[in-house]
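Asks: Coordinates only, no sequence provided:
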C-alpha cells in the first residue's frame, strides 16, 4: 500500500465567523480513516481569492491528496475554481450535462434562473467530473503536478454523496490499499449504554479484531464492530463470530443492524404478519404516523392516523365517549385505551396505537408535564396500556413517547 | 482600532481521525466576531512534533495573533510547548502555583499522581499565565517577535473559561476596540438565494456597515445584517436603515427575523385572527400537523389532523366522495380540494389545509413522482388549490411540500 498525505481544506467565511462548525472535515476524516488513509491537516480559509490561493499553494507543496469543500456555488463569494486556476493555469469550461440539469431544475420549479447560476456548472477541462445527484454544482477530481485534487460542494448532503460514491473508491485504488475494513452496527432498544457495556465488558476489552465499541444513539444504543482483514469474506467471518457472542448475551434487545431504524423493523414485522396499523395521536401531533409513512411502501401496512389534539376531534372524529373524558380526563389510561380501540374501528385497521400525554410547558388536567399514556389494541383481542413519566422539554417528551411507542410495538410484534 | 489577522490552530490527532469536530475553533471565532476581531484561518494538525512546528512557523509569518488549542496535557502526545520551543527557543519552566494545584487535586482524589502530570504545569518563562480554574494545565499569553501567541487547553470547558475571562479582554485592549457588534437575520420565503442576491446586489456590494450577506437556510433564505458602532443604539439605527431599504425591495417575501420559524409565524397569524385550523394529509403523513403542534400553545389554533394515507380513510373518515376518487384519482386537484373542505367540516375548523401527492419511489395513478397538490379552504368561503412538481427523494419531496404549505398559509393569512 502506498501511503500518502491527505489534507482537507474548507472554503467559507461562515466557518471563520463561527456560524457553523467544520463538520465536513470531521466526516471526511472518519470515512478516510476506515480506509486507512491518513489525514495530516485540516484547514479553513475565508472567501478571499488571495488567501484561498495561498492555502492551495501550500497544500500543493506539503500534501499528496487535497480535498477541498465549498466555494463552488453561484454567488460572487464562491471562489474555489478561480483560486485554483491562479495556481494551476488550468482551463475552466462549462459542463454541458450539469448546465442542462441546472436549467431543467429551474424550469421544473417554474422560477427564473438568474445568470449567476451558470457559474455552478463550470469545471476544469480534463477533470474527472463527479455528477451532483442531490444538488447543482458538480464535483471534480483532477491531477496537477503529481498531486491529486478533489473539489466538492460545501453542502453536507452533496459532499457526502459524492465522497461515498466516487471519491472513496478512487482514493482506495490510488492507495493500492489491500486491507479491508468492515464495520457493522448492532442496534439495541430497551437497554441502556452502561448496562450494555457492563454485560459485554470482558469481550469489549479483550477483543481487538473486530474492535467492539458501544455508542449512544438517538434511538436506543448501538455496538460498532470494526474488523480488519485481507478479504471481505474474512472480515465478515470475524464480525460474525463476535456477533454470535454478543447476541448470546444481549440478543433479546437487538432489533437490527447498521442504518436500520426501529420504525423500519416495525414496518417489516407488520408486513410479514399482514397487519394494518392506525394511530390516534394527541400531544405527539402526528409524529408517530409521520415516521411510519416516511418509509417507502408504508401504504401496505399503514391506514393512517387521527391527530386528535383538540377534545372535539377526540369525540367527533374518534368517537371517544364524553363520559370517559369527563370522568378520567383526556390524559388517562382509559382515554388512551379508547383511542387505540376506536382508531382500529374508525380506520378499519387490525392494530391501533394511541398517544396521550402532557408535553408541557404547563401541567394539564392536574397531571404533571411528562405524563404519557400509550395504548396498543389488537382488533377483537386485547388492549395494553402503559403509563410513563418522561423528563425534558416539550420536544424531548414528545420524541421519547414516539420512541417508546415503537419499542412497545416492536416487542408486541416480534 | 488596530486591525490584526487572527489564526486559530487546534492540535490533536483525534480531530484528524474525525473522532470529534473542531467546535473549539467555531466557538472562539464566534466570540471574536462579536468583538470585531477578524479570523483569517483555522488549522488542525496532529500530535506530531515536526508538523506542529511547521504549522506554528507558518502562523508566525502570516498572522498577528495566534490562538492554539490542545496539546498541553500530561501525555507524550501533548507537544504544543515543545513545538513552540523549537521555533522560539523560549525557556520552559515549572509554574509553582499550577503544580501545587495539580498535587492538591490528586491528594483530594486520593489517587497517586503519576509523574507525567508534572508536564502540565510547565509554562514559558515570562509568559502571562492564565490560571486553569476548571482543570489542570494553565494557559499562556506571550509575545514573540511582535506576534501574540495564546495557548489554551483543548478541553472545551477549560478553553472557554480562559478565553472569556482573560483572553478576550486582553485582545480587546490589544485592538483598542471600543465598538459594539450587532447582528440581525431577516428571513424570507418564496424567493431563491440567487434571486434575492440579484435584487439586492448593489446594496450588498456598496454597503460595508452593516454588512449584508444572503444565506441559504433549511426554510427559505435569510439575510444577515451585521453592524459595528460605538453604542448599541447606533448599531440598531444602522441596521434599521439598511432593513428599510431591503424591505422596500423584497419585503413581500420577508416573514420574520432571527430564529423565528415559518410555522411560528403562521401560528401567530392564526391566533391573531382567532382561526382554528385542521389538516388533511396524505403522503406527508402528519408532518404538517406535527410541526404546528410542536409549538407551545398550539391547542389555541389547531384542531388536529387526519392522516388519510389509505384510500379507505379518505372515504370513511374524511368523507371524500368515491366519485371524485374514481374520476380524478386521489392525487388530483379535485381530491385536494375536497380534502381541505371536509377537514374543516369533520374537525369543526375555520380553515382547512390538505396535502396529496406522489412522494415516490414509484409513480402513482399515472402521476409522476414529485406531483403535489395543496389546497386551502376557508369555511363558507373560497378554496384555493395549487399544483407543484417537486424534485428530490421521498423525504425531500415531503419536506418541500410541507414548507410550501406553510408558505401558502402565510401568504393567505398575512
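Replies: Great, that's in hand. On a predicted model such as this, the values are computed, not experimentally measured, just so you know.

Asks: What parts of the stretch 201-350 of chain A come near chain B?
Replies: Contact residues (C-beta under 8 Å from any C-beta of the partner chain) of the stretch 201-350 of chain A with chain B: A:276, A:278-279, A:281, A:283-290, A:292-294, A:296, A:298-299, A:302-310, A:312-313, A:316-317, A:346-348. Placement of C-beta: from N, CA and C, glycine included.

Asks: let's go with 6 Å and repeat that
Replies: A:285-287, A:289-290, A:293, A:296, A:299, A:302-310, A:312-313, A:317, A:346-348 (C-beta under 6 Å from any C-beta of the partner chain).

Asks: Would you list the buried entries among those?
Replies: Neighbour-count burial (16 or more other C-beta atoms under 10 Å in any protein chain shown) is assigned, among those, to A:285-287, A:289-290, A:293, A:299, A:302-310, A:313, A:317, A:346-347.

Asks: buried sites along stretch A:231-243?
Replies: Across stretch A:231-243, burial judged by 16+ other C-beta under 10 Å covers A:235-236, A:238-239, A:242-243.

Asks: re earlier: which ones among the residues of the stretch 201-350 of chain A next to chain B lie within helices?
Replies: Secondary structure from DSSP state H places A:287, A:289-290, A:293, A:312-313, A:346-347 of these in helices.

Asks: if you look at stretch A:24-38, does any of it touch chain B?
Replies: Yes. Stretch A:24-38 lies within reach of chain B by C-beta under 6 Å from any C-beta, at A:26, A:29-30, A:33.

Asks: Kindly confirm my reading that residue A:344 is in a helix.
Replies: Yes. Assignment of residue A:344 by DSSP: H, G, I helix; E, B strand; the rest coil places it within a helix.

Asks: shouldn't it be in contact with residue A:354?
Replies: No. Using C-beta atoms under 6 Å, residue A:344 is not in contact with residue A:354, being 10.0 Å away.

Asks: So between these two, which is more surrounded?
Replies: The residue with more neighbours, out of residue A:344 and residue A:354, is residue A:354; 34 against 24, by other C-beta atoms under 10 Å in any protein chain shown.

Asks: Tell me what the more buried one is bridged to.
Replies: residue A:280, residue A:375 (DSSP bridges).

Asks: per-residue pLDDT, it?
Replies: Listed pLDDT for residue A:354 reads 98.

Asks: does it really touch residue A:341, like I thought?
Replies: No. Judged on C-beta under 6 Å, residue A:354 makes no contact with residue A:341 at a distance of 8.5 Å.

Asks: ok, back up a step: for chain B, state which of the buried residues of stretch A:231-243 is nearest.
Replies: Among the buried residues of stretch A:231-243, residue A:235 lies closest to chain B (C-beta to the nearest C-beta), at 20.1 Å.

Asks: packing partners for the helix or strand encompassing that closest one?
Replies: Assigned by DSSP states H and E, residue A:235 belongs to helix A:232-250. Counting contacts by 3 or more C-beta pairs under 6 Å, 6 or more residues apart in numbering or on different chains; DSSP states H and E, helix A:232-250 packs against strand A:180-188, strand A:221-229.

Asks: State the mean pLDDT of that helix.
Replies: With pLDDT averaged residue by residue, helix A:232-250 scores 92.

Asks: repeat for stretch A:374-392
Replies: The model assigns stretch A:374-392 a mean pLDDT of 93.

Asks: How far does that stretch sit from its chain's centre?
Replies: 28 Å (C-alpha atoms, centre = their mean, to the nearest Å).

Asks: Could you give the number of residues near residue A:384?
Replies: Around residue A:384 there are 14 other residues, counting by other C-beta under 10 Å.

Asks: scratch that, residue A:326 is what I was asking about
Replies: Counted with other C-beta under 10 Å, the neighbours of residue A:326 add up to 8.

Asks: Okay, and it sits in which element?
Replies: Using DSSP H and E, residue A:326 sits within helix A:322-328.

Asks: which other residues reach that helix?
Replies: Helix A:322-328 is contacted from outside by A:315, A:334-335, A:338, using C-beta atoms under 6 Å, 6 or more residues apart in numbering or on different chains.

Asks: Turn the residues you listed into JSON lines, including secondary structure.
Replies: Compiled in JSON lines, the contacts of helix A:322-328 are given as follows (three-state DSSP):
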{"residue": "A:315", "secondary structure": "helix"}
{"residue": "A:334", "secondary structure": "helix"}
{"residue": "A:335", "secondary structure": "helix"}
{"residue": "A:338", "secondary structure": "helix"}
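
Asks: Residue A:164: which of those residues is nearest?
Replies: Comparing these against residue A:164 with C-beta to C-beta places residue A:335 closest, at 47.1 Å.

Asks: Pull the contacting residues for that closest one.
Replies: Applying C-beta under 6 Å, 6+ apart, the residues contacting residue A:335 are A:324, A:356.

Asks: Distance of it relative to residue B:113?
Replies: In this structure, residue A:335 and residue B:113 are 60 Å apart, going by C-beta to C-beta, to the nearest Å.

Asks: Residue A:205 now?
Replies: 25 Å.

Asks: Looking at the two, which is more packed in?
Replies: Just comparing residue A:205 and residue B:113: by other C-beta under 10 Å the higher neighbour count belongs to residue B:113, 14 against 9.

Asks: my read: that one touches residue B:104, true?
Replies: No. At 10.1 Å, residue B:113 does not count as touching residue B:104 under the criterion of C-beta under 6 Å.

Asks: Not counting its neighbours along the chain, what's nearest residue A:155?
Replies: Once flanking residues are discounted, residue A:155 sits nearest to residue A:135: 5.8 Å by C-beta to C-beta, 6 or more residues apart in numbering or on different chains.
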